[in-house]
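**Q** Return atomic coordinates for the entry below.
(chains A and B)
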There are 2 protein chains.
Amino acid sequence: MMKDGKDVSKRKDNYSNTGKKVKKAINRDMNQRQILKPGNMLYPLPVVMVSCGRPGEKPNIITIAWTGTVCSDPPMLSISVRPERYSYEIIRETGEFVVNLVNKDLTFAVDYCGVKSGRDVDKFQQMKLTPLPSRKIAAPGIRESPASLECQTVQMLHLGSHDMFLAKIVAVTAEGRYFDEKGKFHLNSCGLINYSHGEYFAMGTKLGSFGYSVRKRI
Amino acid sequence: MMKDGKDVSKRKDNYSNTGKKVKKAINRDMNQRQILKPGNMLYPLPVVMVSCGRPGEKPNIITIAWTGTVCSDPPMLSISVRPERYSYEIIRETGEFVVNLVNKDLTFAVDYCGVKSGRDVDKFQQMKLTPLPSRKIAAPGIRESPASLECQTVQMLHLGSHDMFLAKIVAVTAEGRYFDEKGKFHLNSCGLINYSHGEYFAMGTKLGSFGYSVRKRI
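**A** Numbering: from 1, shown residues only, chains lettered A, B, ... in the order given. Okay, here's the model as predicted:
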């Protein structure tokens, strides 16, 4: 597994000694790069409940971690969906969906909406969630979500296992409880969660704010 | 700001009363959706140090939060970069870059590499980081990063303020210290950080693992 043959031989030499030298050698070993199979290792990722719907049908929710912001102006994001998923045809046909951010209280629902299919269950009903009328699109949001981003697809790309929907964010609503008296929205007080390598995590301690490295002496 | 005229009038009625009724009314008010300007509100996002380089020049690092996984098979990710950034031309010309995951120890460097330009400083040198020879591409990774994803661009899209580079992950290396004795890599032990609405955060408590909602009774 070791990349550098030279270091491996060095390590062997040191292993025949004792005490500090061995410890040093083990540390060097531990710092070595090991090779992994090329795969999706970009983490932690956001995890969101994407809601969608066709007129006259029950709306649906699909949990998505293959999502990201792709442009600031115009504000755009992407979601990637497997063609075999129930929501895929709905999103493809309507060109619309809502990205609903998820806090701790919604962790169970986010997992459920990621493993169950809208073909078999009514996810809104099962998870006791409320469809939220959208402002700019027909697809509903989720009232229990701290913030809902209404999206209109502008392009679809076939990539392989997943198709990517590139979309403009055309409207945003958020829960009133996260606004202060001056009308400022406090997104980082929503208790948002993320997804990393098969597990859901709460957000931890704040480590800094953008630009702090140049605001103080290096 | 209120969306629902009916609820607003209800609230007014309740405000003229006292005690529990008022409290209930305020709670309902707090739960109301408020409208925000359509913008990038998808958070928390990953934050990574993207390294790149042209032969014969110093390598560079650009911090990117506009990134995400876009396909499982083949494993693909995207990064979005403003054309005016120093790294933009390097990535466009070479079609290569390395996505380096970031842990707490690298928070200062990740911020610095997001606000400083490679036109003015040598970021590897300034942040005491070490270029890591890649396995499959010419662009170097960062040795201090817990995991480095070597990427080859397959498509570039002009979106507006940002261009999106769609790329295949062609090789992955990770720090030896995060592998157990069976050779399993523990990504969630790396202390990865994320970026949310202008702030960097450590990962918090684990809330569940994928599929837990259907493994126990609902």
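
**Q** is stretch A:71-87 anywhere near chain B?
**A** Yes - against chain B, stretch A:71-87 shows contacts by Cβ under 8 Å from any Cβ of the partner chain at A:71-78, A:80. From N, CA and C alone the C-beta is placed, and that goes for glycine too.

**Q** possible to save the residues you listed as TSV with distance to A:Gly141 and pLDDT?
**A** Listed next are these as TSV, based on distance: Cβ to Cβ, whole Å; pLDDT from 0 to 100:
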residue	distance to A:Gly141	pLDDT
A:Cys71	22	98
A:Ser72	22	98
A:Asp73	23	98
A:Pro74	20	98
A:Pro75	16	98
A:Met76	18	98
A:Leu77	15	98
A:Ser78	18	98
A:Ser80	20	98
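
**Q** Now the two most distant members of these.
**A** A:Asp73 and A:Ser80 (22.6 Å; Cβ to Cβ).

**Q** So for the two, which sits in the more crowded spot?
**A** A:Ser80 (24 against 12; other Cβ atoms under 10 Å in any protein chain shown).

**Q** Now do the contacts for the residue of chain A at minimum distance from chain B.
**A** Among all residues of chain A, A:Gly68 sits closest to chain B, at 2.3 Å; criterion: Cβ to the nearest Cβ. A:Gly68 is in contact with A:45-46, A:77-78, B:42, B:45-46, B:66-70, B:78, counting by Cβ atoms under 8 Å, 6 or more residues apart in numbering or on different chains.

**Q** which non-adjacent residue is nearest A:Cys151?
**A** Take A:Cys151 and drop its neighbours on the chain: the residue closest to it by Cβ to Cβ, 6 or more residues apart in numbering or on different chains is A:Ala167, 3.9 Å away.

**Q** isn't that neighbour right up against A:Pro75?
**A** No - using Cβ atoms under 8 Å, A:Ala167 is not in contact with A:Pro75, being 9.8 Å away.

**Q** Nearest the geometric middle of chain A, what residue?
**A** For chain A, the residue sitting closest to the mean C-alpha position, by Cα atoms, centre = their mean, is A:Pro46 at 2.0 Å.

**Q** and A:Lys168, how many neighbours?
**A** 17.

**Q** Does it touch A:Asp73 like I think?
**A** No - the criterion here is Cβ under 8 Å, and A:Lys168 misses it with A:Asp73 at 10.7 Å.

**Q** quick one: pLDDT of A:Gly19?
**A** Listed pLDDT for A:Gly19 reads 52.

**Q** swap in A:Ile90?
**A** 98.

**Q** which ones are touching it?
**A** Contacts of A:Ile90 by Cβ under 8 Å, 6+ apart are A:52-54, A:57, A:60.

**Q** Do stretch A:182-202 and chain B come into contact?
**A** Yes - judged by Cβ under 8 Å from any Cβ, stretch A:182-202 and chain B are in contact via A:183, A:185, A:187-188, A:192-202.

**Q** Now a PyMOL select for only the buried ones of these.
**A** Burial among the residues of stretch A:182-202 next to chain B is assessed by 16 or more other Cβ atoms under 10 Å in any protein chain shown; the matching PyMOL selection reads:
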select buried, chain A and resi 185+187+188+192+193+194+195+196+197+199+200+201+202
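
**Q** so which one among the residues of stretch A:182-202 next to chain B has the lowest pLDDT?
**A** Lowest pLDDT of the residues of stretch A:182-202 next to chain B: A:Gly183, 91.

**Q** so where is chain A shaky, pLDDT-wise?
**A** For chain A, the stretches with pLDDT under 70 are A:1-31, A:216-218.

**Q** Would you map the strands across it?
**A** Using DSSP state E, the strands of chain A run over residues A:33-36, A:45-46, A:48-52, A:60-64, A:67-71, A:76-81, A:96-100, A:131-132, A:141-142, A:147-158, A:163-175, A:193-196, A:199-209.

**Q** Any chance of the ones you listed in JSON lines with distance to B:Lys136 as columns?
**A** Shown next, in JSON lines, are the strands of chain A (distance: least, Cβ to Cβ, whole Å):
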{"stretch": "strand A:33-36", "distance to B:Lys136": "11"}
{"stretch": "strand A:45-46", "distance to B:Lys136": "23"}
{"stretch": "strand A:48-52", "distance to B:Lys136": "32"}
{"stretch": "strand A:60-64", "distance to B:Lys136": "29"}
{"stretch": "strand A:67-71", "distance to B:Lys136": "23"}
{"stretch": "strand A:76-81", "distance to B:Lys136": "23"}
{"stretch": "strand A:96-100", "distance to B:Lys136": "33"}
{"stretch": "strand A:131-132", "distance to B:Lys136": "46"}
{"stretch": "strand A:141-142", "distance to B:Lys136": "42"}
{"stretch": "strand A:147-158", "distance to B:Lys136": "23"}
{"stretch": "strand A:163-175", "distance to B:Lys136": "23"}
{"stretch": "strand A:193-196", "distance to B:Lys136": "25"}
{"stretch": "strand A:199-209", "distance to B:Lys136": "29"}
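
**Q** Filter the contacts of A:Gly68 down to the buried ones.
**A** A:45-46, A:77-78, B:42, B:45-46, B:66-70, B:78.

**Q** domains for chain A, by residue range?
**A** Domain segmentation of chain A under automatic domain parsing yields A:1-35, A:45-202.

**Q** Buried deepest among these, which one?
**A** Mean neighbours per residue, mean count of other Cβ atoms under 10 Å in any protein chain shown, is largest over those for domain A:45-202, with a mean of 20.

**Q** So what's the gap between that domain and the chain middle?
**A** Relative to the chain's own centre, domain A:45-202 is displaced by 10 Å; criterion: Cα atoms, centre = their mean, to the nearest Å.
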